[in-house]
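Trainee: Pasting the sequence and the predicted coordinates here, then a few questions.
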Amino acid sequence: MYLYERYMFHLKKMVKNLSRVEGSIVAQMINEETSNFAEYYFPAEVQTKNRRPARHDDRGERATYPVTVLDIFTDVGRLSGKPKDRRLTEQERSHLQTYLLTNCEDVLQYER
């Protein structure tokens, strides 16, 4: 679908007066053009239709935990797709534990 056809479909969905469809489409187009133009004159803090933050935006804030957690476990990350739950096998768990104990500087203070 071409860009113009997609835009016309969007405008046709907004039609209020079914007896005068053409006038309603023009009125809606003028309304959108005016709001897009006026948007540039608002300060950056004002949230508008085109300046809306992303749906799952947490603004990069780190999660807070009730207990102290090592820095390597507090990275900000965003997952995509459907989450999957799975348990580590004993071999994977052993490899992970060995890797953390030998390579993580934060764990050295707990070493005996």
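Mentor: Happy to help now that I have it.
Trainee: Please go through the chain and pick out the longest helix.
Mentor: Secondary structure of the chain per DSSP state H: the longest helix is helix 21-39.
Trainee: ok, and what's touching that helix?
Mentor: With CB atoms under 8 Å, 6 or more residues apart in numbering as the contact definition, helix 21-39 has outside contacts at 8, 11, 12, 14, 15, 16, 17, 18, 48, 49, 50, 51. To be clear about C-beta, it is placed using only N, CA and C from the backbone, and glycine gets the same treatment.
Trainee: can you tell me which helix or strand the second one belongs to?
Mentor: Per DSSP states H and E, residue 11 falls inside helix 3-13.
Trainee: Among the contacts of helix 21-39, which one is most surrounded by other residues?
Mentor: residue 11 (17 neighbours; other CB atoms under 10 Å).
Trainee: Identify the residues contacting that residue.
Mentor: 25, 28, 29, 32.
Trainee: mean confidence score for the helix holding residue 11?
Mentor: The average pLDDT within helix 3-13 is 87.
Trainee: Distance from the chain centre to that helix, please.
Mentor: Relative to the chain's own centre, helix 3-13 is displaced by 26 Å; criterion: CA atoms, centre = their mean, to the nearest Å.
Trainee: can you pull the buried residues of that helix?
Mentor: residue 11 (16 or more other CB atoms under 10 Å).
Trainee: same check, this time on stretch 26-40
Mentor: So stretch 26-40, judged by 16+ other CB under 10 Å, has buried residues 27, 28.
Trainee: distance of residue 70 from residue 105?
Mentor: To residue 105, residue 70 is 10 Å away according to CB to CB, to the nearest Å.
Trainee: cool, and residue 67?
Mentor: On the measure of CB to CB, residue 67 and residue 105 end up 20 Å apart.
Trainee: same check, this time on residue 37
Mentor: From residue 37 to residue 105 the distance is 54 Å (CB to CB).
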